[in-house]
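In: For reference, the sequence and a predicted model appear below.
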Amino acid sequence: MAANPPVSHTGRVQGEQLVLRSDDVRIAEFVGDGWRVVARSWAAQLTAARIDADALSDIVRRGRRHGTLRELDGGDVEPVLALDSATLGDYPGGIATQHTPLTRSTAWATPARRGFGAFDEAGRAIAITFVDLDGQHAETDFTVVVRERRGLGLGTAVKAASVLTLRAEGVEVFRTGGSAENSAGLASNLALGYVVDEEWVTLSPS
């Protein structure tokens, strides 16, 4: 599972594509002018008051059956980069949810950019999530699981671990998002308690 970065909160153009909220009246105009919808995406929110700590703790426990779950530190840069490189082609949805490849700098967790991961017995990263913090707000940058370990709940588990940790530190609002093509990613976030509150379309000229 590769869960994409949250979509933008304003319409934007990149290259020849345009991203607009699904309720934007301009969509009909663009379609009438020959543009077509090439991707759909969503954004969702979870507030601290809605978090079911017992349910999320159970998700983390189930994830630990398949790997060691913990917060990332400076010693994890190499395995994080290896997982990122191996999964670069796994993010669906086009420009609205595209993933920027990690560098040695962005693979390093910081107080403002926290990372959580799952590791196998050889110390390889098999699932990671990064979260950007701004005061009491947290926004998921991306979550990804190595291909051969998908379907085991590891992506949901590392994200649950991030929510539980950050909530305990005073974070009140969590945001995330992804491609409508990634049904597993959406189901994962709904299981954590996120509520979809925005939908977006990506348009391209025919």
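Out: Received it, and whenever you're ready, just let me know what you need. Nothing here was measured: the structure is a model prediction, and the numbers come from that model. Numbering: from 1, shown residues only.
In: average pLDDT for the top helix by length along the chain?
Out: If each helix of the chain is counted by residues according to DSSP state H, the longest one is helix 154-168. Computed over helix 154-168, the mean pLDDT rounds to 98.
In: and whatever helix or strand comes next after it, how far out from the chain's middle?
Out: Next helix or strand after helix 154-168 toward the C-terminus (DSSP states H and E): strand 173-179. Distance, stretch centre to chain centre, for strand 173-179: 6 Å (C-alpha atoms, centre = their mean, to the nearest Å).
In: sorry, back to before: give me the helices and strands touching the longest helix of the chain, please.
Out: Under the contact criterion of 3 or more C-beta pairs under 8 Å, 6 or more residues apart in numbering; DSSP states H and E, helix 154-168 touches helix 53-63, strand 68-71, strand 113-119, strand 125-134, strand 137-145, strand 173-179, helix 183-192. Backbone N, C-alpha and C define where each C-beta goes, glycine included.
In: now for the last one, which elements pack on it?
Out: Spelled out, it's helix 183-192. Applying 3+ C-beta pairs under 8 Å, 6+ apart, one finds that helix 183-192 contacts strand 2-3, strand 35-47, helix 53-63, helix 154-168, strand 173-179.
In: The same query, at a cut-off of 6 Å, please.
Out: Secondary-structure packing of helix 183-192 (3 or more C-beta pairs under 6 Å, 6 or more residues apart in numbering; DSSP states H and E): helix 154-168.
In: related to what we said a few turns ago, who wins for proximity to Arg40 among the helices and strands packed on helix 154-168?
Out: Nearest to Arg40, of all these, is strand 173-179, at 7.5 Å by C-beta to C-beta.
In: List the buried residues of that closest one.
Out: Phe174, Arg175, Thr176, Gly177, Gly178, Ser179 (16 or more other C-beta atoms under 10 Å).
In: Stretch 140-155 now?
Out: 140-146, 149-150, 152-155.
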